[in-house]
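J.: pasted the sequence and its predicted model underneath.
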Amino acid sequence: MEKATKGNLLKGSSLLGVDIGGAELKMALVKNGSYQLVCERMPENLVKGGHVQAPEQLARLIRSVRTRYRLGSAACAVMLPDFTTYFRRITLPPMTVEQLKINLPYEFRDYIGGDTDKYFFDYAMERTVTDDNGTVTGLEMAAAAVQKTTIEEYIQLFRRAGLRLSLALPYEMVYTNIMKDYLRRYPEDALREFCLVELGYDSSRVVIMQGAAVVASKVIEIGCHQVDAAIADAFHIDEFVAAEYRRADHDNALSAPACMNVYDQLSVEVMKVINFHAYNNRDSRLSDVYFCGTGAGIDLLKKTVTDAVQFAQHSITELLPEGAGADESLMTTCAMAIGVALKTEG
C-alpha cells in the first residue's frame, strides 16, 4: 500500500512519546516533521506485567537515555498499561462539552461504582450520528477512565526523569491517534477495516478498527518472553542472553522447533479473534494485517500468523506519517511511542 508511506508529521509539534514495555523502553520525539526514535533494553525485572518495580531506577534510565540521544523535549506523553485503565465505546445524545464532562463518569458506573471522584475521565470523538434531515441525534466516542493515583505516579516518575507529563493514553486511544492521523491524509479509507497486531514482550494485542474506531480488541498472553524462554531451553542459556539470540537470530535460534511452537500458538489466538469478529460482522472485509512491536522483527512469526489468517502482511509504518531520519525497523518497534506523541484533532 504505497500511498500510505507519503505525508509528513505535523509541523511545530514537540512531544516525547514513551512506551514502557516489559523489556524495552521505547521513546519517540516527534518534532518539526521528523522522528527521533530510541529503543533501549531495560534491566531485568525493572517492569513486570506493566508494573514498574523500581520507579527511581526507571527514572534514572529515562534521564540517561534522553541525555545520551539528546532528546530535548521537556514535555512527554505515555501509553498507560492495560490494567490501569477502563475503555469503552459509547453513544450519547447531543450535548455541550460541559454536559459531557458531567455525564461521562456515569458511563463507567458498572466498573468503578461510586468512586468517580478517584478517577480522571476523557474521551475522543469518533463521529456524529444524524437523521435523514441532517439533525445530529447522537455522539459516538471512545471514552476512558484512569485512577488519579496512577496519573500522579507517572507525573512523579517523569518529574524525576526531568520531564513534564502532558498526556497519558490507554492503548486503544493510541491506535485511534494513529488512525486519525492516517485518515486525515487518506479520508477515503474512513470506512475501511484494519487489523493491527502488536507483538509485545509480555503479551500481544489484536486490534480491529473501522476507520479510527476500535471495534474489537484482545490481549493475548503470548509474546517475545515466550520466544526467549523457548530459545533459552533449546540452547541451555539464560533468558536474558536468549533475548540477544532472538534479536540477532544467533545460530538460527528463531527457527528452533520450540520457537515455531510459540508462533503456532500465537497464530491460533490471533485467528480466533479475527474469526469471532467475522462471525459477528458478516459484512466484514478484513484482508490485511499490520504488525508492530518488539516481535515485529521476527519474520517467521509474522509469516506464521498471516498464513494462518490468510491475510496480506504489512508493517504499521504504512499507516504512520513519513518523517525525516526514520528507520523503518525502529518505526515498527516504536510505533506506540510514536502514536501517543502524534497530535490529532478531536
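T.: Here it is on my side, so go on.
J.: please make it C-alpha for all contacts and neighbour counts, starting now.
T.: Will do.
J.: buried residues in whichever strand or helix holds Glu244, which are they?
T.: Per DSSP states H and E, Glu244 falls inside helix 239-248. For helix 239-248, the neighbour count (16 or more other Cα atoms under 10 Å) marks 239, 242-243, 245-246 as buried.
J.: and what of stretch 233-240?
T.: By neighbour count with 16+ other Cα under 10 Å, stretch 233-240 contains the buried residues Glu239.
J.: on that earlier part again, next structured bit after the helix holding Glu244?
T.: Helix 239-248 is succeeded, C-terminally, by helix 257-280 (DSSP H and E).
J.: buried sites along that next one?
T.: 258-260, 262-263, 266-267, 269-271, 273-274, 277.
J.: kindly give the local confidence score, pLDDT, for Ser73.
T.: You'll see Ser73 listed with a pLDDT of 82.
J.: what's the answer for Gly325, then?
T.: The model's pLDDT for Gly325 equals 64.
J.: likewise for Gly12?
T.: pLDDT, Gly12: 44.
J.: before we move on, what about the one 3 residues further on?
T.: pLDDT recorded at Leu15 is 87.
J.: where's it relative to Tyr123, distance?
T.: 20 Å (Cα to Cα, to the nearest Å).
J.: now do Gln53
T.: Gln53 is 30 Å from Tyr123, by Cα to Cα.
J.: quick one, which of those two is more surrounded?
T.: Remark: of Gln53 and Tyr123, Tyr123 carries more neighbours, 19 against 13, as counted by other Cα atoms under 10 Å.
J.: that one belongs to a helix?
T.: No. Read with DSSP: H, G, I helix; E, B strand; the rest coil, Tyr123 is strand and lies in no helix.
J.: that one: what's its closest spatial neighbour, skipping adjacent residues?
T.: Ala143 (4.2 Å; Cα to Cα, 6 or more residues apart in numbering).
J.: now swap in Val227 and tell me
T.: In space, and not counting its chain neighbours, Val227 is closest to Cys259: 5.6 Å by Cα to Cα, 6+ apart.
J.: the one you found contacts Ala230, doesn't it?
T.: Yes. With contact defined as Cα atoms under 8 Å, Cys259 and Ala230 form a contacting pair (5.7 Å).
J.: give me the common contacts of the two.
T.: Common contacts of Cys259 and Ala230 (Cα atoms under 8 Å, 6 or more residues apart in numbering): none found.
J.: Tyr201: which element?
T.: Going by DSSP H and E, Tyr201 is not in any helix or strand.
J.: distance check, it against Cys334.
T.: Taking Cα to Cα, one finds Tyr201 at 13 Å from Cys334.
J.: and the two? Which one has more around it.
T.: Cys334 (25 against 22).
J.: what about the residue nearest to the more buried one when sequence neighbours are not counted, neighbour count?
T.: In space, and not counting its chain neighbours, Cys334 is closest to Lys26: 5.7 Å by Cα to Cα, 6+ apart. A count of neighbours around Lys26, defined by other Cα under 10 Å, yields 26.
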